[in-house]
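> can't give you the sequence, but here's the structure:
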């Protein structure tokens, strides 16, 4: 079976000598949503940054059947969309529409085509009425949706969201969970939010000290490591 993401024996050491990943094996299937759980510093975000070549370690990383190498970075980054924990790191243009269209213009689309696709992406995330608004005037939940629209406009095969519920109130969390469940892409959610993981993911992978300590259904993994379902 061809996995949309396949990782074998991935190890990575930071320049200061910190060994962040120690032989990670992982797979993600088409349409699947997987939660990456584990304490801070366990390697989750470091792992995710290897999926589109922002970091490069030892081992095999394949996305949609192609190996992630220096030569394949442009193609890989069209397939894997990263949504960062702090939406302000992704929103920097004067208006929402310009922000969502930015990546499309960089890919070589005409301004008209970029605007049309950006508007469709905004509609998809429930922000169709916001194209002329300034990103810094948006609520946390709205910023998250616009950041996601900017990634969805690029039509990736895989979405990676780092701590997607950060800064969101409970209604915002529920709205985001509903939105993610209705997206067709395979998804990796890095989170400490067990209720959110249960609402969006069928499987969880628990990272601890740079290794995959366990994987299975979200509730099974959370229970095994003593994570309270109501805890963030």
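That came in fine, so what should we check first? Not measured: the values here are computed from a predicted model.
> What score does residue 227 have for pLDDT?
Residue 227 carries a pLDDT value of 80.
> how near is residue 209 to residue 120?
43 Å (C-beta to C-beta, to the nearest Å). Just so you know, the C-beta spots here come from the backbone N, C-alpha and C atoms, and that holds for glycine as well.
> With residue 101 instead?
Remark: distance between residue 101 and residue 120 (C-beta to C-beta) = 11 Å.
> So the most centrally placed residue in the chain: helix, strand or coil?
Compute the mean C-alpha point of the chain, and by C-alpha atoms, centre = their mean the closest residue is residue 160, 1.5 Å away. Classification of residue 160 by DSSP: H, G, I helix; E, B strand; the rest coil places it in strand.
> what pairs with it across the strands?
With DSSP bridges as the criterion, residue 160 is bridged to residue 82, residue 188.
> Can you name every helix or strand that the helix or strand hosting residue 123 contacts?
Element membership for residue 123, per DSSP states H and E: helix 111-124. Judged by 3 or more C-beta pairs under 8 Å, 6 or more residues apart in numbering; DSSP states H and E, the packing partners of helix 111-124 are helix 96-106, helix 140-152.
> Find the residue ranges of this structure scoring beneath the pLDDT cut-off.
Counting by pLDDT under 70, the chain has low-confidence residues at 1, 228-232.
> Which stretches in it count as helices?
Shown for the chain, the helices assigned by DSSP state H span residues 44-49, 73-79, 96-106, 111-124, 140-152, 170-181, 194-200, 218-224.
> neighbouring contacts of the second one?
If I follow you right, that is helix 73-79. 51, 52, 53, 63, 64, 66, 68, 107, 154, 156, 157, 158 (C-beta atoms under 8 Å, 6 or more residues apart in numbering).
> so what's the closest residue to residue 140 other than its chain neighbours up against?
In space, and not counting its chain neighbours, residue 140 is closest to residue 167: 3.9 Å by C-beta to C-beta, 6 or more residues apart in numbering. Contacts of residue 167 were listed using C-beta under 8 Å, 6+ apart, and they are 86, 87, 140, 144.
> In space, what's closest to residue 62 - neighbours in sequence excluded?
Residue 62's closest residue in space is residue 6 (C-beta to C-beta, 6+ apart), at 4.3 Å.
> So in terms of bridging, what pairs with residue 211?
Assigned bridge partners for residue 211, using DSSP bridges, are residue 208.
> Can you name the residues that contact it?
Counted by C-beta under 8 Å, 6+ apart, residue 211 has contacts 22, 23, 24, 43.
> Correct me if wrong: residue 190 contacts residue 166.
No - look at residue 190 against residue 166 with C-beta atoms under 8 Å: they stay out of range, at 10.5 Å.
> Just want to know which of those two has more residues nearby.
Each of residue 190 and residue 166 had its neighbours counted (other C-beta atoms under 10 Å), and the higher figure belongs to residue 190 (21 against 16).
> Please report how far the more buried one lies from residue 84.
10 Å.
> Residues that sit against both of these two, list them.
residue 162.
> Can you convert the contacts of helix 73-79 into CSV and add a column each for distance to residue 176 and neighbour count?
Converted to CSV, the contacts of helix 73-79 look like this (distance: C-beta to C-beta, whole Å; neighbours: other C-beta atoms under 10 Å):
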residue, distance to residue 176, neighbour count
51, 21, 25
52, 22, 21
53, 27, 18
63, 24, 26
64, 25, 19
66, 30, 12
68, 28, 23
107, 26, 14
154, 19, 18
156, 18, 20
157, 20, 16
158, 18, 22
